[in-house]
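K.L.:
coordinates only, sequence not included:
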Ligand SMILES: CC(C)(COP(=O)([O-])OP(=O)([O-])OC[C@H]1O[C@@H](n2cnc3c(N)ncnc32)[C@H](O)[C@@H]1OP(=O)([O-])[O-])[C@@H](O)C(=O)NCCC(=O)NCCSC(=O)C[C@@](C)(O)CC(=O)[O-]
Ligand SMILES: NC(=O)C1=CN([C@@H]2O[C@H](COP(=O)(O)OP(=O)(O)OC[C@H]3O[C@@H](n4cnc5c(N)ncnc54)[C@H](OP(=O)(O)O)[C@@H]3O)[C@@H](O)[C@H]2O)C=CC1
């Protein structure tokens, strides 16, 4: 049987014969997307032809990455580096792929990378790892809440057995209860290996919740109770971590700071204190940094991460100080970087290509090492960005750089 054309499909939607979101059941995915573009263009007068230029397989993304596919958005990708990352997941010279439309950003991170490279590279380590999901249960009152907390303490093996029955990779690390009146939040934390793990943790926690409801008087109100805390600014992630907590640092010789960054270690340290620490404190910020979100967002987009989790990824503190030898020590600590090299958007071809640039596509050996290496690369990218922007503020080049490269 011949495939219906996009025009046929669009006509059948107009006639009420087909539903807009079920076109893939009646035609191939590219034709379905083209039919939607016709219908939306008709309704809005927008020119949707550019959305029809995409490099992924529409059938592969339908139902696992997107619904009501219209097409694709293109974001330019640049590259910074190479920069040597001495990481817990291995030492390598890495090029950093960055998807952005902010002029001067790649130039800045590239400058930071070249300065860090001149200084011998950066060190990075994942210091804590675990994806969380925190369902909220209702109990009768405080006495029952305390009983549930005690039950949880004694029954982690049963919860682990239930949760891990849903995954061959995920491991339940711990369950931390928080009581608020007659609400008990159980923060489940998993080692999700190379997956960012939010689907994995959610599916596993659902299974564990059945055990809690069967064995106690608690009643599940919501599988996510917001103490997880996913895609919202939250102090719990800054303190306890979520995904990977990762730290990167470098020591840059004074001459390099002066010659390549046109400023001094003292000026960078002072700007960091007054801007990133004092300014952020006064602003009531969670992130005590200059623009870690820039590095995180650009690498997230390039490598197929969940872009909404830039919220947690920007939860970072930058430090800068002059060493006893008069050089510059600079560090960035990202408390909650949620990344994966399998699952989600990582399987799309352009995103795969970026993961391949970094040498971390797919599952690692051992499992989890590729996601660790990705986290360490993003942390070094953020370090390079912080160093370059702090320097630009020190040399008073921020506005001229953006006037030249950013408009
Ligand atoms: C623009 C620079 C780098 C010039 O900096 P420069 O030192 O005058 O440049 P240069 O021509 O001497 O080159 C130095 C190095 O920079 C790199 N570089 C230089 N140009 C390019 C380029 N076109 N493409 C790629 N790489 C470039 C490259 O590594 C080069 O080394 P080389 O390879 O020549 O040996 C500098 O002025 C700079 O970094 N400015 C800061 C810009 C910045 O960081 N913007 C971040 C975004 S701002 C924002 O979004 C957040 C904000 C600011 O609101 C947050 C806050 O409140 O703080
Ligand atoms: N459900 C939710 O509430 C939320 C979902 N998301 C979305 O979740 C998706 C990410 O979830 P995530 O669980 O990471 O991905 P997926 O749901 O895509 O699952 C990835 C699967 O890959 C398998 N796998 C194969 N090799 C490995 C390996 N080396 N390490 C780990 N797992 C491996 C695992 O299977 P197995 O488990 O069988 O071992 C794992 O469950 C994104 O699309 C994101 O946007 C985001 C926020 C909330």
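P.N.:
Yep, that arrived. Just so it is clear, the model here is predicted, and its values are computed rather than measured. Ligands and ions are numbered 1, 2, ... in the order given.
K.L.:
so how far is residue 240 from residue 303?
P.N.:
For residue 303, the distance to residue 240 (CB to CB, to the nearest Å) stands at 25 Å. Bear in mind the C-beta positions are built from the backbone N, C-alpha and C, glycine included.
K.L.:
give the contact list for the residue in the stretch 201-350 of the chain positioned nearest to ligand 2.
P.N.:
Nearest residue of the stretch 201-350 of the chain to ligand 2: residue 343, at 2.6 Å (CB to the nearest ligand atom). For residue 343, the contacting residues are 195-197, 199-200, by CB atoms under 8 Å, 6 or more residues apart in numbering.
K.L.:
Of the residues you listed, which are in range of ligand 2?
P.N.:
Of the residues in the contacts of residue 343, proximity to ligand 2 by CB under 6 Å from any ligand atom holds for 195-197, 199-200.
K.L.:
Restricted to buried residues, select these in PyMOL.
P.N.:
Command for PyMOL that selects the buried part of the ones next to ligand 2 among the contacts of residue 343, burial taken from 16 or more other CB atoms under 10 Å:
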select buried, resi 195+196+197+200
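K.L.:
In helices, which of the ones next to ligand 2 among the contacts of residue 343 fall?
P.N.:
Using DSSP state H, the subset of those located in helices is 199-200.
K.L.:
Tell me if the longest helix belonging to the chain is near ligand 2.
P.N.:
Counting residues, the longest helix in the chain under DSSP H turns out to be helix 369-394. No - figure legend: helix 369-394 not in contact with ligand 2 (CB under 6 Å from any ligand atom); closest approach 7.3 Å.
K.L.:
for residue 87, what are its contacts?
P.N.:
Residues near residue 87 by CB under 8 Å, 6+ apart: 123-125, 372-373, 376-377.
K.L.:
and this structure, what are its domains?
P.N.:
6-61, 77-129+244-405, 135-222 (automatic domain parsing).
K.L.:
which of those domains sits most buried?
P.N.:
Across those, averaging neighbours per residue (mean count of other CB atoms under 10 Å) puts domain 77-129+244-405 on top, at a mean of 21.
K.L.:
distance between the ends of that one?
P.N.:
16 Å (CA to CA, to the nearest Å).
K.L.:
Distance from that domain to the middle of the chain?
P.N.:
Taking CA atoms, centre = their mean, to the nearest Å, one finds the center of domain 77-129+244-405 at 13 Å from the center of the full chain.
K.L.:
per-residue confidence averaged over that domain?
P.N.:
The pLDDT scores in domain 77-129+244-405 average 97.
K.L.:
How about it and ligand 1, touching?
P.N.:
Yes - using CB under 6 Å from any ligand atom, we find that domain 77-129+244-405 touches ligand 1 at 102, 104-108, 110-111, 114, 290-291, 294, 388-389, 392, 397-398, 401, 405.
K.L.:
C-terminal to the longest helix of the chain, what's the next element?
P.N.:
helix 398-405 (DSSP states H and E).
K.L.:
That next one relative to helix 369-394, how many degrees between them?
P.N.:
110 degrees (axes from the mean of the first three to the mean of the last three CA atoms, to 10 degrees).
K.L.:
could I get the contacts of residue 87 as CSV with distance to residue 365?
P.N.:
Output for the contacts of residue 87, formatted as CSV (distance: CB to CB, whole Å):
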residue, distance to residue 365
123, 23
124, 19
125, 19
372, 12
373, 11
376, 16
377, 17
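K.L.:
just the residues you listed now: which is nearest residue 56?
P.N.:
For the contacts of residue 87, the minimum distance to residue 56 (CB to CB) is 23.3 Å, reached by residue 377.
K.L.:
which residues touch residue 108?
P.N.:
385, 388-389, 392, 401.
K.L.:
what's the closest of the residues you listed to ligand 2?
P.N.:
residue 385 (24.4 Å).
K.L.:
quick one: contacts for residue 48?
P.N.:
Here residue 48 is in contact with 37, 40-41, 70-71 (CB under 8 Å, 6+ apart).
K.L.:
Tell me which stretches of the stretch 51-200 of the chain form strands.
P.N.:
Under the criterion DSSP state E, counting those that start in this stretch, strands of the stretch 51-200 of the chain are mapped to 77-87, 90-99, 122-133, 136-138, 171-180, 183-191.
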